[in-house]
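Asker: Coordinates for the following, if possible.
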Amino acid sequence: MKTRLIVWLLAVTTCFGQTVQQRGVVATVHPLATDAAINAFKRGGNAIDAAVAAALTLGVVDSHNSGIGGGCFMLIRLADGRFVAIDGREMAPAAATRDMYVHDGKADTQLSQTGPLASATPGALAAHAAAIERHGRLRLKDHLLAAAEIAEKGFTIDDKSAGRFKNYAPVFARFDGSRAVFLKSDGQPYAEGETLKQPDLARTYRAIARQGTGWFYGGPFAQTVGDWMKKNGGILTAADFQNYRIKLREPITMTYRGFTVVTFPPPSSGGVHVAQMLNILQSFDLKSLGHNSPDMIHVVIEAMKLAFADRAYWLGDPDFTRVPRGLISPAYAKTLAARIRMDRASVVAGHGTPENATDDVFGKHTTHLSTADAEGNWVACTTTVNNTFGSKVIVPGTGVVLNNQMDDFSIQPGVPNSAKLIGAEANAIAPLKRPLSSMSPTIVLKDGQPILAIGAAGGPTIISQTLIGLIGVLDFGLGVDAALASARFHHQWSPDEVRVERALASAVRDELRRRGHKLTEVNTLGVSQAVARDPATGRFSGAHDPRVAGKAAVW
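Answerer: Residues are numbered from 1 along each chain as shown. This is a model prediction of the structure:
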């Protein structure tokens, strides 16, 4: 859950003294995904086409983060001003039970994180197909065939990918399909500079292109996966694939300092708590405190703790649990803000209770990507297989990395998942339920016009990264480059610690410790990328996270 993609449109620029119409710009963590999006624009596609083209390509060249074996949230702003939120989150198999990972009273987290029991039914392909069918201009077939060609011909392994292959080689060796794809014939992992070819994945993409998504959902692909699962102790079946459906959700819309912030609703906890934390922070003049000053960071940390305590108790799939709308109420936020003291870190014992919590409710490792076009279509999409290489399982002959999204459920009360998040009854496992997610695709408008698209990758730090990026741009007027380069910090209530990037000034870290914060220093908290439009000039800007290599291109 570490990488992300941004596609953006620059409407007009000046080149050699002439005004030149530009159809699009893209920045991703991999040049081939950037090229795929640009090629979609060149073929007459719009922002939705560019996003799907890039996402399918990342499933080939960045499969440790995302792919059609995982899920996604797509937040789309159409040219006519309407918003569409496509929930392509994975669903628990029909045979799933709340205690399926509990043996002798103790949860076995290895089962929910690695192997055949870790996977939920994938939803990314269904979401991509729905987006293209309803709002795109090109065929899904065209995007699949372009990505299949890359899978067949292969691509060059970089140093970071080589490191991942080496780290996970012992796990890949446990599964025939994964070993065949990610390890060489002698059992050694691929090294930097070598070429990785994925003929099975190419055949899967081409079969979907030729026969439609039904081949994947309920057809030969689903049957192959179901047969393998039955033989290897899994519970995912062909019927689970056949019964998968996307959900169209109502986006969360809130106002922050004169800006309209639109983000994703449950089962995204990210959207809810980005909105909740922004509401809490409206009680403080962050700008006067100073960007990344001890006071500013202290206040934001305290807001994070309060929001994540609520997350642990209240959040889950709105089709199965009652998630209070009051969590994003300005009035509730004011009661939480009043608990923040400037001189010391607070102890947050547990969740709060917003007004009408049981009556006013929401209706029924990762890559982020965003796109926009000259007509005003915008896309913010976060897609994932959860942890690095998901469940580590590739069913032989398919080439598809299957997710380990079952670990995003609360597998037992009080037991943290791989991201050290804990949950309660609201996020307990149930058949066909969607696990809670931190993914936070967000679009910001000023006077009705979009000016910023942002999201992140990195597990629960997705929420804090998105929040910090929004604060940098909206409170401090930073350009997207500066906003993304700023040192980051993260608190998720439990464990009671602040993870801070070492780039944060030592004097600031010392002052935070003096106020009682427990700091854990890290090199990086994740990856966030953003694009923006200056409402005064109409000019656009985009930036990829400086913590990772990337490529930006304009057409």
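
Asker: which one is Met304 nearest to, not counting chain neighbours?
Answerer: The shortest distance from Met304 to any non-neighbouring residue, by Cβ to Cβ, 6 or more residues apart in numbering, is to His491 (4.4 Å). All C-beta atoms are positioned from the backbone trio N, CA, C, and that covers glycine.

Asker: wouldn't Gly234 be in contact with Trp228 here?
Answerer: Yes - between Gly234 and Trp228 there is a contact under Cβ atoms under 8 Å: 7.4 Å.

Asker: still on that earlier bit, so the residue nearest to Met304 touches Lys305, yeah?
Answerer: Yes - using Cβ under 8 Å, His491 is in contact with Lys305, at 5.2 Å.

Asker: His368 falls within a strand, correct?
Answerer: Yes - applying DSSP: H, G, I helix; E, B strand; the rest coil, one finds His368 inside a strand.

Asker: ok, it - contacts?
Answerer: 4-6, 380-383, 439, 441, 455-457, 527-529 (Cβ atoms under 8 Å, 6 or more residues apart in numbering).

Asker: So what's the gap between stretch 457-470 and the chain middle?
Answerer: 9 Å (Cα atoms, centre = their mean, to the nearest Å).

Asker: before we move on, back to that, which neighbours do Gly234 and Trp228 have in common?
Answerer: In contact with both Gly234 and Trp228: Pro116, using Cβ under 8 Å, 6+ apart.

Asker: Show me the longest strand that occurs in this protein.
Answerer: strand 449-457 (DSSP state E).

Asker: buried ones in it?
Answerer: By neighbour count on 16 or more other Cβ atoms under 10 Å, the buried set for strand 449-457 is 450-457.

Asker: which of these has the weakest pLDDT?
Answerer: Within these, the minimum per-residue pLDDT falls on Ala457 (85).

Asker: Mind listing the residues bridging to that one?
Answerer: Val527 (DSSP bridges).

Asker: I'd like to know how far it sits from Arg325.
Answerer: 27 Å (Cβ to Cβ, to the nearest Å).

Asker: Tell me the helices and strands packed up against the longest strand of the chain.
Answerer: strand 366-372, strand 378-384, strand 442-446, helix 461-474, strand 527-533 (3 or more Cβ pairs under 8 Å, 6 or more residues apart in numbering; DSSP states H and E).

Asker: least reliable of the ones you listed going by mean pLDDT?
Answerer: Taking the mean pLDDT of those, strand 366-372 comes last: a mean of 76.

Asker: Extract the C-alpha set from it and format it as CSV.
Answerer: Provided in CSV are the C-alpha atoms of strand 366-372 (Å, rounded to 0.1, in the frame of the first residue of the first chain):
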residue,chain,number,x,y,z
THR,A,366,-2.1,0.7,-2.2
THR,A,367,-1.9,3.0,-5.3
HIS,A,368,-3.7,6.3,-5.6
LEU,A,369,-4.5,7.8,-9.0
SER,A,370,-6.2,10.9,-10.2
THR,A,371,-7.1,12.3,-13.6
ALA,A,372,-8.8,15.3,-15.2
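
Asker: let's have the chain start at 6 instead
Answerer: Let's use 6 as the start, then, which means that last one is strand 371-377.

Asker: Tell me the one of the contacts of His373 nearest Leu291?
Answerer: Taking Cβ to Cβ as the measure, Leu291 lies nearest Ser533 of these, at 18.5 Å.

Asker: follow-up on the earlier one: which one of the helices and strands packed on strand 454-462 lies closest to His140?
Answerer: strand 383-389 (8.9 Å).

Asker: Can you list the buried residues in the closest one?
Answerer: For strand 383-389, by 16+ other Cβ under 10 Å, it's 383-389.

Asker: part of a strand, is Gly239?
Answerer: No - using three-state DSSP, the secondary structure at Gly239 is coil, not a strand.

Asker: domain ranges for the chain?
Answerer: 11-253+382-432, 257-370+445-540 (automatic domain parsing).

Asker: What separates the first and last residues of the shortest one, distance-wise?
Answerer: Between the opening and closing residues of domain 257-370+445-540 lies a distance of 23 Å (Cα to Cα, to the nearest Å).

Asker: Repeat that for stretch 524-532.
Answerer: 20 Å.

Asker: now the helix or strand where Val279 lies and helix 466-479, what's the angle there?
Answerer: Assigned by DSSP states H and E, Val279 belongs to helix 274-286. Between helix 274-286 and helix 466-479, the angle comes out at 40 degrees (axes from the mean of the first three to the mean of the last three Cα atoms, to 10 degrees).

Asker: Which other helices and strands does helix 274-286 contact?
Answerer: Packed next to helix 274-286, using 3+ Cβ pairs under 8 Å, 6+ apart, are strand 257-261, strand 264-268, helix 299-319, helix 335-342, helix 466-479.

Asker: what about the second one, distance to the chain center?
Answerer: In terms of Cα atoms, centre = their mean, the centre of strand 264-268 is found 18 Å from the chain centre.

Asker: Check what contacts it and list those residues.
Answerer: 80, 82, 88, 256-260, 275-276, 279-280, 283, 445-451, 453, 456, 475, 479.

Asker: 10 Å instead?
Answerer: 78, 80, 82, 88, 90, 256-260, 275-280, 283, 333, 383, 385, 445-457, 459-460, 471, 475, 478-479 (Cβ atoms under 10 Å, 6 or more residues apart in numbering).

Asker: Buried subset of those residues as a ChimeraX selection?
Answerer: In ChimeraX syntax, the buried subset of the contacts of strand 264-268 is picked out as below (16+ other Cβ under 10 Å):
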select :78,80,82,90,256,257,259,275,276,277,278,279,280,283,333,383,385,445,446,447,448,449,450,455,456,457,459,460,471,475,478,479
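
Asker: where along the stretch 56-205 of the chain do the helices fall?
Answerer: 114-118, 129-140, 145-158, 164-177, 181-187, 204-216 (DSSP state H, counting those that start in this stretch).

Asker: Any chance you could list what contacts the shortest one?
Answerer: By that I understand helix 114-118. Contacts with helix 114-118, where a contact means Cβ under 10 Å, 6+ apart, come from 105-108, 122-123, 238, 391-392, 395-397, 409-414, 416-417, 420-423, 434.

Asker: Let's see that with 7 Å instead.
Answerer: For helix 114-118, contacts defined as Cβ atoms under 7 Å, 6 or more residues apart in numbering pick out 106, 122-123, 392, 409, 411-412, 416, 423.

Asker: Let's see if you can find the most crowded of these.
Answerer: Asn409 (30 neighbours; other Cβ atoms under 10 Å).

Asker: which stretches of this structure have low pLDDT?
Answerer: 6-27, 29-30, 361-370, 418-419, 423-424, 427-428, 556-560 (pLDDT under 70).

Asker: What distance do you get for the residue lying closest to Ala431 once chain neighbours are set aside to Pro272?
Answerer: Nearest non-adjacent residue to Ala431, counting by Cβ to Cβ, 6+ apart: Gly321, 3.4 Å away. Going from Gly321 to Pro272 by Cβ to Cβ gives 7 Å.

Asker: shared neighbours, these two?
Answerer: Leu441.

Asker: Counting neighbours around each, name which of those two comes out higher.
Answerer: Pro272 (32 against 27).

Asker: For that one, give me the backbone phi and psi.
Answerer: Note on Pro272: backbone dihedrals following degrees, to the nearest 10 are phi -80, psi 10.
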